[in-house]
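Chemist: model this:
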Amino acid sequence: MRSAPQAMTPGTGRPTAPSIRTLVQEGALHCVFQPLLSLADGSVFGFEGLLRGPGRNGQQSPIALFETATREGCVEELEIAARRLIAERYVGLGLEGKLFVNFSPCLLANQTLRSSRLDPPAGLEGIPPQNVVIELTEGSQATDFDRLVQVLDRYRSQGYHIAIDDLGEGFASLKLWSKVRPEMVKVDRHFINEISSDGLKLRFVQAIQHIAESSGAAIVAEGVETEAELRVLRDLGIPYVQGFLTARPAARPAVRLSSAVQQMLS
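Modeler: Numbering: from 1, shown residues only. The predicted structure is shown next:
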(Lines give C-alpha, C1' and ligand atoms only; values in the text may rest on other atoms or scores of the structure.)
Protein backbone atom coordinates (compact mmCIF):
# COMPACT_ATOMS: atom_id res chain seq x y z
CA MET A 1 0.00 0.00 0.00
CA ARG A 2 1.38 3.39 -0.98
CA SER A 3 0.88 6.52 1.09
CA ALA A 4 -1.03 9.35 -0.52
CA PRO A 5 0.97 12.58 -0.97
CA GLN A 6 0.16 15.30 1.51
CA ALA A 7 -0.63 18.89 0.56
CA MET A 8 -0.29 21.84 2.93
CA THR A 9 -3.12 24.08 4.07
CA PRO A 10 -2.23 27.60 2.85
CA GLY A 11 -0.89 29.84 5.61
CA THR A 12 -0.79 27.11 8.27
CA GLY A 13 1.97 24.76 7.22
CA ARG A 14 -0.27 21.85 8.30
CA PRO A 15 -0.95 18.95 5.94
CA THR A 16 -4.47 18.62 4.55
CA ALA A 17 -6.23 15.31 4.04
CA PRO A 18 -5.98 14.11 0.45
CA SER A 19 -9.16 13.86 -1.58
CA ILE A 20 -10.94 10.54 -1.93
CA ARG A 21 -9.99 10.35 -5.60
CA THR A 22 -6.35 10.86 -4.64
CA LEU A 23 -6.55 8.09 -2.06
CA VAL A 24 -8.05 5.74 -4.65
CA GLN A 25 -5.60 6.67 -7.40
CA GLU A 26 -2.57 6.39 -5.12
CA GLY A 27 -3.58 3.00 -3.72
CA ALA A 28 -3.73 4.43 -0.19
CA LEU A 29 -6.87 2.53 0.83
CA HIS A 30 -6.88 -0.94 2.34
CA CYS A 31 -9.38 -3.38 3.74
CA VAL A 32 -9.92 -5.78 6.61
CA PHE A 33 -12.26 -8.74 7.08
CA GLN A 34 -14.39 -9.67 10.07
CA PRO A 35 -15.45 -13.32 10.30
CA LEU A 36 -19.07 -14.35 10.89
CA LEU A 37 -19.60 -17.38 13.09
CA SER A 38 -22.19 -20.13 12.63
CA LEU A 39 -23.58 -21.13 16.03
CA ALA A 40 -24.88 -24.39 14.58
CA ASP A 41 -21.45 -25.96 14.23
CA GLY A 42 -18.97 -23.32 15.44
CA SER A 43 -17.50 -22.76 11.99
CA VAL A 44 -16.56 -19.50 10.28
CA PHE A 45 -19.47 -18.97 7.90
CA GLY A 46 -18.22 -15.93 6.00
CA PHE A 47 -16.35 -12.63 6.11
CA GLU A 48 -17.49 -9.02 5.93
CA GLY A 49 -15.12 -6.86 3.91
CA LEU A 50 -14.54 -3.46 5.52
CA LEU A 51 -12.83 -0.48 3.93
CA ARG A 52 -10.09 1.41 5.77
CA GLY A 53 -8.12 4.55 4.92
CA PRO A 54 -4.71 5.83 5.98
CA GLY A 55 -4.85 6.62 9.69
CA ARG A 56 -2.74 9.74 9.87
CA ASN A 57 -5.12 11.92 7.84
CA GLY A 58 -8.20 11.29 9.98
CA GLN A 59 -9.95 9.18 7.33
CA GLN A 60 -9.23 5.77 8.80
CA SER A 61 -12.86 4.81 9.45
CA PRO A 62 -15.24 3.97 6.58
CA ILE A 63 -17.75 6.45 8.02
CA ALA A 64 -15.25 9.29 7.67
CA LEU A 65 -14.24 8.13 4.20
CA PHE A 66 -17.82 8.07 2.92
CA GLU A 67 -18.68 11.40 4.59
CA THR A 68 -15.75 12.92 2.70
CA ALA A 69 -16.81 11.17 -0.52
CA THR A 70 -20.32 12.61 -0.12
CA ARG A 71 -18.91 16.13 0.16
CA GLU A 72 -16.68 15.53 -2.86
CA GLY A 73 -19.45 13.93 -4.93
CA CYS A 74 -17.66 10.61 -5.51
CA VAL A 75 -19.52 8.10 -3.32
CA GLU A 76 -20.08 5.69 -6.21
CA GLU A 77 -16.40 5.80 -7.16
CA LEU A 78 -15.42 5.01 -3.59
CA GLU A 79 -17.92 2.15 -3.33
CA ILE A 80 -16.64 0.54 -6.52
CA ALA A 81 -13.01 0.99 -5.45
CA ALA A 82 -13.82 -0.55 -2.07
CA ARG A 83 -15.54 -3.57 -3.64
CA ARG A 84 -12.67 -4.12 -6.06
CA LEU A 85 -10.12 -3.91 -3.26
CA ILE A 86 -12.10 -6.27 -1.03
CA ALA A 87 -12.69 -8.78 -3.83
CA GLU A 88 -9.03 -8.84 -4.86
CA ARG A 89 -7.91 -9.33 -1.27
CA TYR A 90 -10.54 -12.03 -0.65
CA VAL A 91 -9.24 -13.98 -3.64
CA GLY A 92 -5.62 -13.29 -2.78
CA LEU A 93 -6.03 -14.65 0.74
CA GLY A 94 -7.82 -17.75 -0.54
CA LEU A 95 -10.72 -17.18 1.85
CA GLU A 96 -13.62 -19.60 1.78
CA GLY A 97 -17.21 -18.91 2.73
CA LYS A 98 -19.54 -16.02 1.97
CA LEU A 99 -18.14 -12.58 1.24
CA PHE A 100 -20.35 -9.80 2.68
CA VAL A 101 -19.93 -6.52 0.78
CA ASN A 102 -21.66 -3.23 1.60
CA PHE A 103 -23.86 -1.51 -1.00
CA SER A 104 -25.80 1.76 -0.83
CA PRO A 105 -29.45 1.08 -1.72
CA CYS A 106 -29.79 4.39 -3.55
CA LEU A 107 -26.87 3.58 -5.86
CA LEU A 108 -28.20 0.10 -6.57
CA ALA A 109 -31.63 1.51 -7.39
CA ASN A 110 -30.07 3.83 -9.97
CA GLN A 111 -28.65 0.96 -12.03
CA THR A 112 -30.21 0.55 -15.44
CA LEU A 113 -32.53 -2.33 -16.30
CA ARG A 114 -32.37 -2.04 -20.06
CA SER A 115 -30.98 -5.53 -20.67
CA SER A 116 -32.52 -8.82 -19.66
CA ARG A 117 -29.53 -9.57 -17.46
CA LEU A 118 -27.47 -7.31 -15.23
CA ASP A 119 -23.69 -7.43 -15.32
CA PRO A 120 -21.97 -8.37 -12.03
CA PRO A 121 -21.74 -5.48 -9.56
CA ALA A 122 -18.82 -3.24 -10.47
CA GLY A 123 -15.75 -4.40 -8.58
CA LEU A 124 -16.98 -7.96 -8.01
CA GLU A 125 -16.58 -9.33 -11.53
CA GLY A 126 -14.17 -12.09 -10.48
CA ILE A 127 -16.19 -13.54 -7.60
CA PRO A 128 -18.77 -16.32 -8.15
CA PRO A 129 -22.23 -14.88 -7.35
CA GLN A 130 -23.04 -17.71 -4.93
CA ASN A 131 -20.10 -16.57 -2.77
CA VAL A 132 -21.34 -12.97 -2.44
CA VAL A 133 -23.84 -11.44 -0.03
CA ILE A 134 -24.97 -7.95 -1.11
CA GLU A 135 -25.30 -6.11 2.19
CA LEU A 136 -27.63 -3.10 2.04
CA THR A 137 -26.46 -0.33 4.36
CA GLU A 138 -28.62 2.06 6.37
CA GLY A 139 -26.65 5.18 5.50
CA SER A 140 -28.12 6.00 2.09
CA GLN A 141 -31.65 4.76 1.54
CA ALA A 142 -33.38 4.30 -1.80
CA THR A 143 -36.49 6.32 -2.55
CA ASP A 144 -37.55 4.15 -5.51
CA PHE A 145 -38.14 0.85 -3.73
CA ASP A 146 -39.77 -0.79 -6.76
CA ARG A 147 -36.68 -0.14 -8.87
CA LEU A 148 -34.40 -1.38 -6.10
CA VAL A 149 -36.40 -4.59 -5.79
CA GLN A 150 -36.15 -5.11 -9.56
CA VAL A 151 -32.36 -4.76 -9.47
CA LEU A 152 -31.99 -7.04 -6.47
CA ASP A 153 -34.29 -9.67 -7.96
CA ARG A 154 -32.08 -9.74 -11.05
CA TYR A 155 -28.98 -10.21 -8.91
CA ARG A 156 -30.74 -12.85 -6.83
CA SER A 157 -31.59 -14.76 -10.01
CA GLN A 158 -27.85 -14.86 -10.78
CA GLY A 159 -27.07 -16.46 -7.41
CA TYR A 160 -26.27 -13.45 -5.22
CA HIS A 161 -27.75 -13.34 -1.72
CA ILE A 162 -29.15 -10.19 -0.11
CA ALA A 163 -28.71 -8.99 3.47
CA ILE A 164 -29.92 -5.91 5.34
CA ASP A 165 -27.37 -4.32 7.67
CA ASP A 166 -28.05 -2.76 11.08
CA LEU A 167 -31.71 -3.72 11.34
CA GLY A 168 -33.34 -1.57 14.01
CA GLU A 169 -31.09 1.46 13.51
CA GLY A 170 -33.93 3.26 11.73
CA PHE A 171 -37.48 2.71 10.52
CA ALA A 172 -36.28 2.65 6.91
CA SER A 173 -34.61 -0.72 7.44
CA LEU A 174 -37.95 -2.27 8.42
CA LYS A 175 -39.55 -0.98 5.22
CA LEU A 176 -36.56 -2.26 3.27
CA TRP A 177 -37.02 -5.70 4.85
CA SER A 178 -40.70 -5.88 3.87
CA LYS A 179 -39.93 -4.82 0.29
CA VAL A 180 -36.72 -6.71 -0.44
CA ARG A 181 -37.34 -9.98 1.47
CA PRO A 182 -33.62 -10.60 2.06
CA GLU A 183 -32.01 -13.96 2.75
CA MET A 184 -30.24 -12.51 5.80
CA VAL A 185 -30.89 -9.75 8.33
CA LYS A 186 -28.16 -8.30 10.52
CA VAL A 187 -29.53 -7.05 13.86
CA ASP A 188 -28.00 -3.78 15.04
CA ARG A 189 -25.58 -4.11 17.92
CA HIS A 190 -27.74 -1.84 20.09
CA PHE A 191 -30.14 -4.74 20.64
CA ILE A 192 -27.34 -7.24 21.27
CA ASN A 193 -25.38 -5.22 23.82
CA GLU A 194 -26.32 -6.42 27.32
CA ILE A 195 -29.13 -8.62 25.96
CA SER A 196 -28.32 -11.06 28.77
CA SER A 197 -29.50 -8.54 31.39
CA ASP A 198 -32.00 -6.42 29.46
CA GLY A 199 -35.37 -8.13 29.11
CA LEU A 200 -36.74 -5.58 26.64
CA LYS A 201 -33.83 -6.07 24.24
CA LEU A 202 -34.34 -9.80 24.54
CA ARG A 203 -37.99 -9.43 23.53
CA PHE A 204 -37.04 -7.17 20.61
CA VAL A 205 -34.65 -9.81 19.29
CA GLN A 206 -37.25 -12.52 19.80
CA ALA A 207 -39.75 -10.46 17.78
CA ILE A 208 -37.20 -9.95 15.00
CA GLN A 209 -36.46 -13.67 15.10
CA HIS A 210 -40.16 -14.48 14.71
CA ILE A 211 -40.50 -12.22 11.66
CA ALA A 212 -37.30 -13.66 10.19
CA GLU A 213 -38.59 -17.19 10.53
CA SER A 214 -41.87 -16.19 8.89
CA SER A 215 -40.11 -14.55 5.96
CA GLY A 216 -37.41 -17.18 5.46
CA ALA A 217 -34.53 -14.93 6.53
CA ALA A 218 -31.56 -15.91 8.68
CA ILE A 219 -30.42 -13.58 11.48
CA VAL A 220 -26.91 -12.34 12.13
CA ALA A 221 -26.44 -10.77 15.56
CA GLU A 222 -23.90 -7.94 15.28
CA GLY A 223 -21.61 -6.53 17.95
CA VAL A 224 -21.31 -9.59 20.21
CA GLU A 225 -18.75 -8.69 22.86
CA THR A 226 -19.40 -10.86 25.93
CA GLU A 227 -19.75 -14.54 26.67
CA ALA A 228 -23.13 -13.88 28.32
CA GLU A 229 -24.45 -12.29 25.10
CA LEU A 230 -23.13 -15.20 23.06
CA ARG A 231 -24.81 -17.78 25.27
CA VAL A 232 -28.18 -16.00 25.16
CA LEU A 233 -28.04 -15.80 21.37
CA ARG A 234 -27.13 -19.47 21.12
CA ASP A 235 -29.97 -20.44 23.45
CA LEU A 236 -32.40 -18.35 21.36
CA GLY A 237 -31.40 -20.26 18.26
CA ILE A 238 -29.85 -17.29 16.44
CA PRO A 239 -27.87 -18.92 13.62
CA TYR A 240 -25.04 -16.44 13.05
CA VAL A 241 -23.06 -13.92 15.10
CA GLN A 242 -20.42 -11.30 14.41
CA GLY A 243 -18.42 -9.30 16.93
CA PHE A 244 -15.18 -8.63 18.75
CA LEU A 245 -15.74 -11.59 21.07
CA THR A 246 -15.61 -14.16 18.28
CA ALA A 247 -13.17 -12.43 15.91
CA ARG A 248 -11.93 -8.89 15.33
CA PRO A 249 -11.52 -7.37 11.87
CA ALA A 250 -8.07 -8.08 10.49
CA ALA A 251 -6.12 -7.84 7.26
CA ARG A 252 -5.55 -11.60 7.58
CA PRO A 253 -8.70 -12.78 9.34
CA ALA A 254 -9.05 -15.91 11.42
CA VAL A 255 -10.47 -18.80 9.41
CA ARG A 256 -11.34 -20.90 12.45
CA LEU A 257 -12.42 -20.14 16.00
CA SER A 258 -10.00 -19.71 18.84
CA SER A 259 -9.97 -22.41 21.51
CA ALA A 260 -11.39 -19.86 23.97
CA VAL A 261 -14.50 -19.26 21.82
CA GLN A 262 -14.87 -22.97 21.18
CA GLN A 263 -14.88 -23.53 24.92
CA MET A 264 -17.61 -20.90 25.39
CA LEU A 265 -19.81 -22.80 22.95
CA SER A 266 -19.22 -26.22 24.48
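
Chemist: which helices and strands does the host helix or strand of residue 106 pack with?
Modeler: In the assignment (DSSP states H and E), residue 106 maps to helix 105-109. Helix 105-109 sits against helix 75-93, strand 132-136, helix 145-158, with contacts defined as 3 or more C-beta pairs under 8 Å, 6 or more residues apart in numbering; DSSP states H and E. No exception for glycine: its C-beta is placed from N, CA and C like everyone else's.

Chemist: again, only this time at 7 Å
Modeler: Secondary-structure packing of helix 105-109 (3 or more C-beta pairs under 7 Å, 6 or more residues apart in numbering; DSSP states H and E): helix 145-158.

Chemist: so for the helix or strand following the helix it packs on, what's the average pLDDT?
Modeler: Next helix or strand after helix 145-158 toward the C-terminus (DSSP H and E): strand 161-167. For strand 161-167, mean pLDDT is 90.

Chemist: Which residue ranges of this protein form helices?
Modeler: For the chain, the helices defined by DSSP state H cover 20-25, 62-72, 75-93, 105-109, 145-158, 171-180, 189-192, 199-215, 227-236, 259-265.

Chemist: And these: which comes nearest residue 119?
Modeler: Smallest distance to residue 119 across those (C-beta to C-beta): 9.7 Å, for helix 145-158.

Chemist: residues of the closest one that come out buried?
Modeler: For helix 145-158, a neighbour-count test (16 or more other C-beta atoms under 10 Å) marks 145, 147-149, 151-152, 154-156 as buried.

Chemist: just stretch 82-94 next, same as before
Modeler: For stretch 82-94, burial by neighbour count (16+ other C-beta under 10 Å) applies to 82-87, 89-90.

Chemist: Show me the shaky parts of the stretch 151-266 of the chain.
Modeler: Where the stretch 151-266 of the chain drops to pLDDT under 70, the residues are 168-172.

Chemist: Stretch 97-108 spans what distance, first to last residue?
Modeler: 24 Å (C-alpha to C-alpha, to the nearest Å).

Chemist: what is the rounded mean pLDDT of that stretch?
Modeler: The average pLDDT for stretch 97-108 rounds to 91.

Chemist: wouldn't residue 135 be in contact with residue 104 here?
Modeler: No. Using C-beta atoms under 7 Å, residue 135 is not in contact with residue 104; the gap is 10.5 Å.
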